[in-house]
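Chemist: let me see the structure of the following:
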Amino acid sequence: MSKINNVLFYILGGILTLFLAKEFIPGVKIQIVPSSSFLSIKLDTEAKIILIIGSLLGLFNFFIKPILKKISLPFQILTFGLFSFVLNMAILWFFDIIFLELEFLNLKSLFLTTLLSIFISFLLGLK
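Modeler: Numbering: from 1, shown residues only. I've put the predicted structure just below:
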């Protein structure tokens with residue numbers, strides 16, 4: 001699979017994760033913030049918010065997550081790979097902090113969204 005296809009699958013994975021989490025996991029909110037924009041794109045509908053934040057989540061997972069995995073390799077070895085779950089959870093929490101439009105109301109919703117993200121990555125054949 002080429003790098004372009006890989007990037008597109010990661011973006012699709014991010015968008016699907018946010019959409020399915022919003023629809024099926026209680027405690028995940030996508031809210032419209034008045035006069036909110038990203039790179040001069042008005043975030044005035046939930047669809048735009050999910051597309052933008054999901055795309056950025058996919059790009060973050062493609063470019064930055066491998067670096068974070070290499071940095072956290074000792075923890076990955078000590079926990080037999082379970083630290084990658086903590087890393088995924090931290091990435092979603094980071095996006096919750098950065099974007100006011102995305103909100104996880106409790107730790108349970110963040111945990112379930114992380115499980116959903118891992119499942120979608122597995123289905124799409126992502127690392």
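Chemist: so which bits of stretch 23-34 are buried?
Modeler: 25, 27-28, 30 (16 or more other C-beta atoms under 10 Å). C-betas here are computed from N, CA, C, even on glycine.
Chemist: if you could redo that for stretch 7-16, that was the one I meant.
Modeler: Applying a neighbour-count criterion of 16+ other C-beta under 10 Å, one finds 7, 9-16 buried in stretch 7-16.
Chemist: now the two most distant members of the residues you listed.
Modeler: Using C-beta to C-beta, the two most remote members of the buried residues of stretch 7-16 are 7 and 16, lying 14.9 Å apart.
Chemist: per-residue confidence for the residue nearest the centre of the chain?
Modeler: Centroid-nearest residue in the chain, with C-alpha atoms, centre = their mean: residue 57, separated by 4.4 Å. Per-residue confidence for residue 57 comes out at a pLDDT of 97.
Chemist: distance of it from residue 118?
Modeler: Applying C-beta to C-beta, to the nearest Å, the value for residue 57 to residue 118 is 13 Å.
Chemist: try residue 71
Modeler: 20 Å.
Chemist: which residue of those two possesses the greater neighbour count?
Modeler: residue 118 (16 against 11; other C-beta atoms under 10 Å).
Chemist: for that one, which residues are in contact?
Modeler: The neighbours of residue 118, taking C-beta atoms under 8 Å, 6 or more residues apart in numbering as the test, are 85, 88.
Chemist: which helix or which strand is home to the residue nearest to the centre of the chain?
Modeler: helix 46-63 (DSSP states H and E).
Chemist: what's in contact with that helix?
Modeler: 6-7, 10-19, 22, 30, 32, 38, 41-43, 91-92, 95, 99, 101-102, 121, 126.
Chemist: got it, and stretch 89-97?
Modeler: 53, 56-57, 60-61, 65, 68, 102-104, 110-111, 113-114, 117.
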